[in-house]
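**Q** Turn this into a structure:
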Amino acid sequence: MKTRDELKQSFKETRIPMGVFLVRNTKTNEFILGASRNLDGTLNKYRFVLKTSGPHDTLLKNPKIHADYHSLGPDAFEFKVLDVLKPKDEPGWDPTEDLKSLEKIWMDELTGRGWAPY
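**A** Predicted coordinates for the structure are as follows:
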């Protein structure tokens, strides 16, 4: 069994997945697309905000998604990781531009399917 210090060190060395995520209304194919340095945390935040807050919450900036979520229910929405960005081993590497590029690629792909952003 690992000691407390070993567990803490292991946690610090664990890389948090970053990349592009999707929150989609499966009935209308309207979606929120974003890039994040912490995919799991960001998707959990969207789930929580949709479930608990009102239509004027500043995170989503769109009352329509709240109305849809509350009228159609949580089963009408999918929360999905679309792409994971692998970290580069370059000193001082900043993933911001790579994340923006990935997000643009996915936006073009999804709108090409006829889906519309919220």
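**Q** Tell me the gap between the host helix or strand of residue 34 and the middle of its chain.
**A** Assigning secondary structure by DSSP states H and E places residue 34 in strand 30-36. A distance of 6 Å separates the centroid of the chain from that of strand 30-36, by Cα atoms, centre = their mean, to the nearest Å.
**Q** name the helices or strands packed onto that strand?
**A** In terms of contacts (3 or more Cβ pairs under 8 Å, 6 or more residues apart in numbering; DSSP states H and E), strand 30-36 is packed against strand 18-25, helix 39-52, helix 63-72, helix 96-112, strand 116-117. No exception for glycine: its C-beta is placed from N, CA and C like everyone else's.
**Q** which parts of the second one are buried?
**A** The neighbour-count check on helix 39-52 (16 or more other Cβ atoms under 10 Å) flags 39, 42, 43, 46, 49, 50 as buried.
**Q** and the angle for that helix with strand 30-36?
**A** Here the directions of helix 39-52 and strand 30-36 differ by 140 degrees (axes from the mean of the first three to the mean of the last three Cα atoms, to 10 degrees).
**Q** ok so, going back, please dump the buried residues of helix 39-52 into a markdown table; it should also carry distance to residue 95 and pLDDT for every row.
**A** Output for those, formatted as a markdown table (distance: Cβ to Cβ, whole Å; pLDDT from 0 to 100):
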| residue | distance to residue 95 | pLDDT |
| --- | --- | --- |
| 39 | 12 | 97 |
| 42 | 14 | 96 |
| 43 | 18 | 96 |
| 46 | 20 | 93 |
| 49 | 24 | 90 |
| 50 | 26 | 92 |
